[in-house]
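Trainee: Here is my input; please provide its structure:
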Amino acid sequence: MNVSNQPTSKCSVQDVEQWLKQLFQGEDVPCLDRTPQSIEFLKKIMTESNEVEKDSIAIYKAGKKMKDSYDEKSKELQLLTNNIQLDPEIFQRVENLANLTEKLKLKEPSLTNFLLAMMDVEENRRQEYVEKNGC
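Mentor: Alright, predicted model coming up:
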């Protein structure tokens, strides 16, 4: 939390008191030392807290939007695969490829990303071999 020495004139003492009531959710708010410094410090904390809350709400909404988008794509792909009669062998290959994509943690399952991930795996194996055998 970045609490500077600059005065926070955006909110009043009543705003701080209301914020504290919300923060304590119906419980008794502890008695406060009502010096100008303590009130100003509480104003700064309240401002920072509100900004963090806005940021967390934005992150939550973005994540939900992304999830909804993935769910929609999943439904579209499910509809597509339901209409295509895949040979069981081909279906197994597609499923294996999907599992491999997940294990390689590919965000975009393109051929380029697959090849790059395989190169990374090979490089990691090579490094492990060198560390293990010292050559």
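
Trainee: from here on, contacts and neighbour counts on C-alpha atoms
Mentor: Fine.

Trainee: so where's the protein uncertain?
Mentor: Counting by pLDDT under 70, the chain shows low-confidence ranges at 1-10.

Trainee: where along it do the helices fall?
Mentor: 13-24, 36-83, 88-103, 111-133 (DSSP state H).

Trainee: Can you say which of the ones you listed is nearest to residue 30?
Mentor: Using CA to CA as the criterion, the shortest distance between residue 30 and the helices of the chain is 9.3 Å, found for helix 13-24.

Trainee: What are the contacting residues of that closest one?
Mentor: With contacts defined as CA atoms under 8 Å, 6 or more residues apart in numbering, helix 13-24 is touched by 27-29, 39, 42-43, 46.

Trainee: ChimeraX command to pick out the buried ones of those?
Mentor: Buried subset of the contacts of helix 13-24, written as a ChimeraX selection, criterion 16 or more other CA atoms under 10 Å:
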select :39,42,43,46
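
Trainee: Tell me who's in contact with the residue sitting furthest away from the middle of the chain.
Mentor: Relative to the centre of the chain, the most outlying C-alpha is that of residue 135, 40.7 Å out, by CA atoms, centre = their mean. For residue 135, the contact set (CA under 8 Å, 6+ apart) comprises residue 129.
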